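Colleague: Please work out how this folds:
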Amino acid sequence: MQPRVTAILVAANGADHLDRTLDALAAQTRHPENLVVVDVGTTDGSTAELSFGGSAQLVRLPAGRAFGDAVLQGERSAPPAVADEPVDEWLWILGHDNAPAPTALADLLSAVEIAPSVVVAGPKLVADDDPSLIRAFGESMTRFGRSSGLVQDELDQGQHDRNTDVLGVAAGGMLVRRSVWNELGGFDPALPDVDAALDFCVRVRLAGHRVALVPEAKVTSAGPIEEFGRKRVSEARRVRMHRQAQLHRRMTYAPAGLVWLHWLTLVPFAIGRALGHLVAKHPAAVLPELAAAFAVAFGGGTGRARKNLARTKKLGWAAVEPLRVSWKRVHEHRTTSRDVELARVEDAPIARASFLGDGGIWVVLAAAVLSVVTLYPLLGSPALTGGGLLPLSATPAQLWQNVGYGFHSLGTGFTGPSDPFAAVLAVLGSIVFWSPSTAVVLVMLVAFPLSALGMWFAVRKVTTRTWVPVIGAALYAIAPTLVGAVTTGHLGAVIAHVLLPWLFVAVLEAHRSWAWASGASLLFAVVAASAPSLLPVLLIGWLVALLVGWRRAHRRLFIPVPAAVLFLPLILAQATRGNLLAVFADPGVPSATRAPSALQLAIGQPLPDWSGWLPATSGLGLVATVLPIVMAVLALPVAAAAIGAVLGHRWAVAGAALVVALLGFATAFAATHVTVTGVGSTTTIVWPGSGLSVYWLALVVAACIGIDVLPKAAPVAGLVATVLTGVAVAPAFAAFYLGNAVIQPTTGRVLSAYVNAEAQANPDVGTLVVVPQDDGSLAVTLERGQGSTLDDQSTLDATALRLSESGARLTTLAGNLASRSGYDPRPALRELGVSFVLIDDAGDDPEAQTVHDRAAGAIGQNALFTSIGETTNGQLFHYDGEVDRTTAGSAATQATHVLYLVVLGVVFGAAALLAVPTAPRRRRATSNVIEAEEPATTFDEERDE
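Modeller: Numbering: from 1, shown residues only. Coordinates of the predicted model:
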């Protein structure tokens with residue numbers, strides 16, 4: 001007797017496909033006896049005017065119902081099977097995009113007629129816009145339950161038509177015996193999006209039936225099942241759907257004795273896989289991986305699926321084992337896909353300049369030689385001091401103790417956030433863990449060659465001639481702001497200058513991969529922490545990059561996140577004080593900086609000494625008058641090339657660079673008008689050199705573009721610009737030999753050997769340091785242990801608007817000790833923990849010398865103190881009375897410190913994992929298809945004679 005077929009057509013916002021599918025159903029050579037159209041919350045009007053009668057009917061369901069649920073409702077709404085008649089009932093499952101070929105149903109029925117054990121038959125799904133392209137043809141899974149399409153997105157040449165016996169078929173176009181559908185309970189409700197058809201076919205196999213493909217039957221498909229009824233599916237949602245389906249099926253198929261083990265390992269394995277996604281540059285899969293594990297572990301549905309499987313299972317897993325795919329085949333498929341992608345990337349145009357062959361390495365080596373000659377007195381030194389520098393703490397543990405929120409022993413001690421720069425120092429010191437202070441020396445020594453290296457790659461991104469990056473690298477390495485920062489001890493500005501070209505390249509490439517985007521986020525954080533005054537220009541640059549590359553903005557979107565984690569505690573603390581501008585204060589030891597003029601800033605000079613020319617020519621009267629004119633002339637070639645670049649064909653890039661240069665200049669100019677850091681009895685400006693580093697970087701980029709588009713005179717113009725810039729900064733490079741350098745090598749000892757010896761036994765010993773000022777006042781600091789270190793410094797302390805209670809007590813103590821009075825210092829000495837008093841040398845200033853002599857005389861005649869004598873740091877006195885030990889902060893403060901370090905570790909660890917470059921292993925492509933392990937059977941093997 002002829003079988004009876006009920007077609008169930010599920011529609012969900014399928015206006016682009018539904019009419020075509022209905023027409024294709026009407027054109028079948030073998031019509032289905034019944035048609036049930038299930039409308040799942042359609043809002044595009046495609047089903048609004050549908051009406052059926054007779055053997056066709058329309059069922060409406062609310063939006064959000066799963067495809068399998070819609071099929072189940074359609075089956076229940078179809079005419080019931082007649083028990084008294086021996087009619088073979090079949091369900092034909094279609095989606096609104098599954099337009100069948102005219103003979104599709106006839107071919108499916110013919111196939112199941114000659115093979116009675118086949119209860120599920122699937123057609124060949126082809127592209128709706130190109131019937132010669134196979135969308136899907138058979139499904140299988142690995143030993144651990146990962147689903148795999150056997151054939152996907154291949155040109156149909158009949159090469160797979162013999163592989164008909166498979167583990168599963170897609171839901172679209174599936175023909176299933178109605179009695180088996182009802183016996184197995186249809187699709188698993190816990191698989192609403194993907195793998196529902198595969199899971200059903202697996203249960204069919206375990207129930208003793210067969211699943212087969214019918215290559216002659218063709219049905220169109222507009223996309224995978226997870227996109228059914230949706231305008232767009234994000235990558236994160238797609239990953240969660242597939243992973244959740246895999247984990248659910250794994251829990252369902254697991255032996256009873258191992259279910260508990262699978263359940264216990266769901267979340268731990270998800271955490272491990274999330275880290276793996278970070279390493280593999282798939283951050284979009286991290287949260288979906290965790291969400292899928294939690295959903296399967298605690299969402300329910302597994303128990304019902306296991307009961308349903310146990311109720312219908314008649315065969316063991318050995319029955320489906322030959323139809324699984326091996327990991328070897330999956331790996332070969334992945335490798336082939338990677339090779340195709342890698343070949344596409346390798347076919348892209350290569351860079352025109354070679355680092356080794358086009359002068360890049362030579363300009364870096366020249367910069368290294370320049371660094372050795374300029375900083376020769378620093379070679380072999382274990383530490384540096386002077387300007388904004390001090391030695392670092394002696395161990396990495398002490399370095400990290402000063403990172404984050406906690407108790408800081410600086411001065412009289414306070415609880416609060418550290419500078420973000422403390423984390424940079426901790427990383428540098430941990431690299432040279434046996435002598436952390438040496439890291440500062442190394443940074444100064446490699447600053448010039450690393451600046452040249454980074455700028456060479458940055459200029460290569462925007463120019464075509466092979467020699468132009470050499471000009472850019474040379475100009476950036478001899479930048480006045482870099483040599484000025486090195487010789488004055490502005491370590492943060494040096495680090496920012498070195499990293500800015502790398503940040504420029506990383507932001508440009510961030511849209512290409514997560515490795516570049518994560519690298520940009522780390523560089524952004526380090527540059528911002530090293531030079532907080534650059535925060536506004538960095539954020540503006542980030543916003544512009546988002547707007548310009550808005551189509552791929554998702555990777556650039558997270559670039560500021562690590563920096564935000566670093567700065568948030570400090571911003572909140574300064575905002576609470578009402579001193580938000582203090583966030584931009586320079587990290588390191590507060591040092592007085594004289595503000596340069598607007599002309600000097602425009603020429604790139606961070607100091608008013610004209611790069612050392614002013615002190616070097618101080619004996620020549622007319623030089624001071626003509627010096628500004630000469631320096632402007634020396635800077636003219638670079639400026640002319642930069643401005644002339646906008647006249648060339650790459651005017652847009654050059655114009656953007658000039659806008660950035662203007663932002664850098666504005667940052668430097670604003671820095672000279674922001675005085676938030678206290679130095680002795682006065683305040684000082686923010687170091688303008690950091691803004692000038694951005695200014696100089698952008699100016700050099702624009703100048704290199706201008707030189708690149710020049711005709712034959714270009715090499716001469718580039719050489720002239722470099723030579724004249726070198727002449728302009730020559731005295732600054734000779735600062736150590738002319739005696740103008742502020743920094744100097746040191747042994748790493750901050751206080752005298754006597755205090756250091758005492759600090760070995762008592763790390764909290766306090767030393768009151770009194771520094772005579774040239775205005776007749778005293779600068780007072782309280783040092784703990786072996787003295788303050790660079791990582792101890794805090795802008796929160798240096799920018800305080802008013803003295804704390806303990807700070808006021810300290811100044812009162814110092815003022816009374818430095819003059820003869822009836823003041824009893826013993827309570828203050830005991831409470832503040834002061835055991836030594838050090839009067840610093842006064843230098844050559846007579847006013848300061850007078851203050852020094854008065855203070856030394858007063859303390860020397862005080863019976864409470866014993867004179868130790870003159871030391872390398874000044875005159876030292878010892879207080880013999882008992883003093884209190886300082887506290888290291890409360891338990892809550894210490895817990896907050898640890899928690900903050902954990903947060904830093906998670907954020908920066910994730911960014912670092914993503915930033916590590918990875919590449920697929922190359923191998924020759926073998927196959928584009930994942931096939932089953934065993935040869936497939938055909939319907940001819942089971943013909944019913």
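Colleague: what's the helix or strand harbouring residue 198 in contact with?
Modeller: Using DSSP states H and E, the element containing residue 198 is helix 196-206. Here helix 196-206 makes contact (CB atoms under 8 Å, 6 or more residues apart in numbering) with 66-68, 119-120, 139-141, 147, 167-171, 174, 176, 180, 184, 186-188, 191, 210-211, 225, 245, 249, 252-253, 308-309, 312-317, 319-320, 323. In this view, the C-beta of every residue, glycine as well, is placed from N, C-alpha and C.
Colleague: again, only using 7 Å
Modeller: Applying CB atoms under 7 Å, 6 or more residues apart in numbering, the contact partners of helix 196-206 are 67-68, 119-120, 139, 141, 147, 167-171, 174, 180, 184, 187-188, 191, 211, 249, 309, 312-315, 319-320.
Colleague: Mind checking which of these are buried?
Modeller: 67-68, 119-120, 139, 141, 147, 167-171, 174, 180, 184, 187-188, 191, 211, 249, 309, 312, 320 (16 or more other CB atoms under 10 Å).
Colleague: Sort out for me which of the residues you listed are in strands.
Modeller: With strands taken from DSSP state E, the overlap with the buried ones among the contacts of helix 196-206 comprises 119, 120, 139, 141, 147, 211.
Colleague: quick one: the fifth one and residue 276, what's the gap?
Modeller: Between residue 147 and residue 276 the computed distance is 19 Å (CB to CB, to the nearest Å).
Colleague: cool, and the second one?
Modeller: Taking CB to CB as the criterion, residue 120 is separated from residue 276 by 35 Å.
Colleague: hey, which helix or strand in this protein has the poorest pLDDT?
Modeller: helix 327-346 (a mean of 57; mean pLDDT, DSSP states H and E).
Colleague: Next, report how far the very next helix or strand once past it is displaced from the centre of its chain.
Modeller: Note on helix 327-346: by DSSP H and E, the next helix or strand toward the C-terminus is helix 360-374. Here the centre of helix 360-374 is set off from its chain's centre by 32 Å, with CA atoms, centre = their mean, to the nearest Å.
Colleague: can you check stretch 202-222 too?
Modeller: So, by CA atoms, centre = their mean, the centroid of stretch 202-222 is 45 Å from its chain's centroid.
Colleague: Give the buried residues for that stretch.
Modeller: 202-207, 209-222.
Colleague: And stretch 56-72, by the same measure?
Modeller: If you call a residue buried by 16+ other CB under 10 Å, then stretch 56-72 has these buried ones: 56-59, 61, 65-72.
Colleague: Between which two of those residues is the distance greatest?
Modeller: Within those, 56 and 66 form the most distant pair, 23.3 Å apart (CB to CB).
Colleague: Help me confirm that residue 415 is found in a helix?
Modeller: No. Using DSSP: H, G, I helix; E, B strand; the rest coil, the assignment for residue 415 is strand, not a helix.
Colleague: Who are the packing partners of the helix of greatest length in the chain?
Modeller: In the chain, with assignment by DSSP state H, the single longest helix is helix 891-915. Packing partners of helix 891-915 (3 or more CB pairs under 7 Å, 6 or more residues apart in numbering; DSSP states H and E): helix 259-279, strand 405-408, helix 514-530, helix 561-577.
Colleague: and the second one, which strands flank it?
Modeller: It refers to strand 405-408. Here strand 405-408 has these sheet partners by DSSP bridges: strand 414-417 (antiparallel).
Colleague: in the helix or strand just after the partner strand, what counts as buried?
Modeller: Sequence-wise, the next helix or strand downstream of strand 414-417 (DSSP H and E) is helix 421-431. For helix 421-431, the neighbour count (16+ other CB under 10 Å) marks 421, 422, 423, 424, 425, 426, 427, 428, 429 as buried.
Colleague: pLDDT and distance to residue 509 for these - can I get that in CSV?
Modeller: As requested, these are exported to CSV (pLDDT from 0 to 100; distance: CB to CB, whole Å):
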residue, pLDDT, distance to residue 509
421, 95, 26
422, 94, 30
423, 94, 25
424, 95, 23
425, 95, 28
426, 94, 28
427, 95, 23
428, 95, 25
429, 94, 30
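Colleague: would you list those in a markdown table and tack on distance to residue 906?
Modeller: Listed next are the buried residues of helix 421-431 as a markdown table, based on distance: CB to CB, whole Å:
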| residue | distance to residue 906 |
| --- | --- |
| 421 | 21 |
| 422 | 18 |
| 423 | 14 |
| 424 | 18 |
| 425 | 21 |
| 426 | 16 |
| 427 | 16 |
| 428 | 21 |
| 429 | 22 |
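Colleague: Let me know whether residue 798 touches residue 678 as I believe.
Modeller: Yes. Using CB atoms under 7 Å, residue 798 is in contact with residue 678, at 5.8 Å.
Colleague: Within its sheet, name the partner strands of whichever strand or helix holds residue 91 and how each one runs.
Modeller: Per DSSP H and E, residue 91 falls inside strand 89-95. Applying DSSP bridges, strand 89-95 is found paired with strand 4-11 (parallel), strand 175-177 (antiparallel).
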